[in-house]
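1. below are the sequence and a predicted model; questions follow.
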Amino acid sequence: MRSRPVPAVLILLAALAAGGCRAPEAVTFGVVADCQFAAVPSSGSRFYDRSWLKLREALDGFNARDLRFVVHLGDLIDRDSASYDLILPAFRHSRAPVRFVLGNHDYDIAPARKDGLIDRLGIGPGYYAFTEENWRFVVLNGDELAFNSPKDEGLEQEAAAMYAGLLAAKRPHATKWNGGIGRAQMAFLEDELATADRKGLSVVILCHFPVHPPAAHNLWNDGEVVARLESHPSVKAYFAGHNHDGGLAVKNGIVYLTFAGMVETAATSASAVVTLAGDRLLVDGSGREPDRILALR
């Protein structure tokens, strides 16, 4: 982590207190995206075997902070299931609980090992939700309809129809390295958001694939997801990986934040400590991930 005298979140909370405002209950957590570890030589700008050390360094930095959890936003490995045997033990060094999100490269393993992947990561059907203070975190499985993930006949049909429609419309994200979410998962998302609205909770969505702005790396049914999010006042932000350059957009008050990929470059890492504090989202970035202070609706 970059060394700095005082984290940005502490500066903000001190300013609130000095102004006579009661400091909000902050939720702080660590974020890593696209570790994409494999014990293989580099290819282009991707240095797969360097990610093990980068991850350990990020976790050391996280351990120096008081974090609620650490989340990896998908593409933990590359190439084969042996990569999991080497990278998963690194997370044992995390003082905070670790949450996993599925990415497209996470299924680049032998067919016989695919069905047991989500059990190994401990993430149920690949989509789930959890609560910290008055924040609800909803994790989506954008690989549910992807071509390389195991699925039943119904999901196979949904995937084929969705992809064919994107190809016919010549959409830029009609690629086989993207994926989508099915009808049952969309119903799960709707139920989570409606419940959060009723309970007065604030929601952050965690998914490997971005949904806004329109781009080649997006979830296949990005527009449907964005429309669903905008219909619920509880939704404050959407966090993604997949696009290793990272990015930021705001649409109708919702922050769409894509985190930079750790696997990129030989020596420079990418990770962040994120704090949700009242109506602000603060990113204390490291390496290729910039610092940010963003307003939340």
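-> Now that the structure is in, tell me what you want to look at. Numbers count the residues shown, from 1 in each chain.

2. hang on, residue 228 is in a helix, isn't it?
-> Yes. Assessed with DSSP: H, G, I helix; E, B strand; the rest coil, residue 228 lies in a helix.

3. what about it, distance to residue 166?
-> According to CB to CB, to the nearest Å, residue 228 and residue 166 sit 18 Å apart. C-betas here are computed from N, CA, C, even on glycine.

4. how about residue 137?
-> Note on residue 137: its distance to residue 166, by CB to CB, is 28 Å.

5. one more: residue 189?
-> Summarising the geometry, the distance separating residue 189 from residue 166, computed by CB to CB, is 20 Å.

6. more neighbours: those two, which one.
-> Shown here are residue 189 and residue 166; by other CB atoms under 10 Å, residue 189 has more neighbours (21 against 18).

7. which positions in whichever strand or helix holds that one come out as buried?
-> Residue 189 is part of helix 183-199 when elements are defined by DSSP states H and E. Using 16 or more other CB atoms under 10 Å as the burial criterion, the residues of helix 183-199 that qualify are 185-186, 188-189, 192-193, 196.

8. direction included, what does the helix or strand just after it pair up with?
-> For helix 183-199, the succeeding helix or strand toward the C-terminus, using DSSP H and E, is strand 202-206. Strand 202-206 has these partner strands in its sheet, going by DSSP bridges: strand 135-139 (parallel), strand 235-240 (parallel).

9. just give me how far strand 202-206 sits from the chain centre.
-> Centroid separation between strand 202-206 and its chain, computed with CA atoms, centre = their mean, to the nearest Å, is 10 Å.

10. pLDDT averaged over that strand - what is it?
-> Strand 202-206 shows an average pLDDT of 98 in the prediction.

11. list every C-alpha atom in it, with coordinates, as CSV.
-> As requested, the backbone C-alpha atoms of strand 202-206 are provided in CSV (Å, rounded to 0.1, in the frame of the first residue of the first chain):
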residue,chain,number,x,y,z
SER,A,202,-28.1,1.0,1.2
VAL,A,203,-26.9,-1.4,-1.4
VAL,A,204,-23.6,-2.0,-3.2
ILE,A,205,-23.6,-4.5,-6.0
LEU,A,206,-20.4,-6.7,-6.5
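
12. quick one: buried residues of that strand?
-> For strand 202-206, a neighbour-count test (16+ other CB under 10 Å) marks 202-206 as buried.

13. quick revisit: buried deepest among the strands paired with strand 202-206, which one?
-> Per-residue neighbour counts averaged over each of the strands paired with strand 202-206 give the maximum for strand 235-240, namely a mean of 25 (mean count of other CB atoms under 10 Å).

14. from residue 46, how far off is the residue nearest to residue 251 when sequence neighbours are not counted?
-> Nearest in space to residue 251, with sequence neighbours left out and distances taken as CB to CB, 6 or more residues apart in numbering, is residue 212 at 5.5 Å. Here residue 212 is placed at a distance of 25 Å from residue 46 (CB to CB).

15. still on that earlier bit, what's around the residue nearest to residue 251, how many residues?
-> Every residue meeting other CB under 10 Å relative to residue 212 is counted, giving 24.
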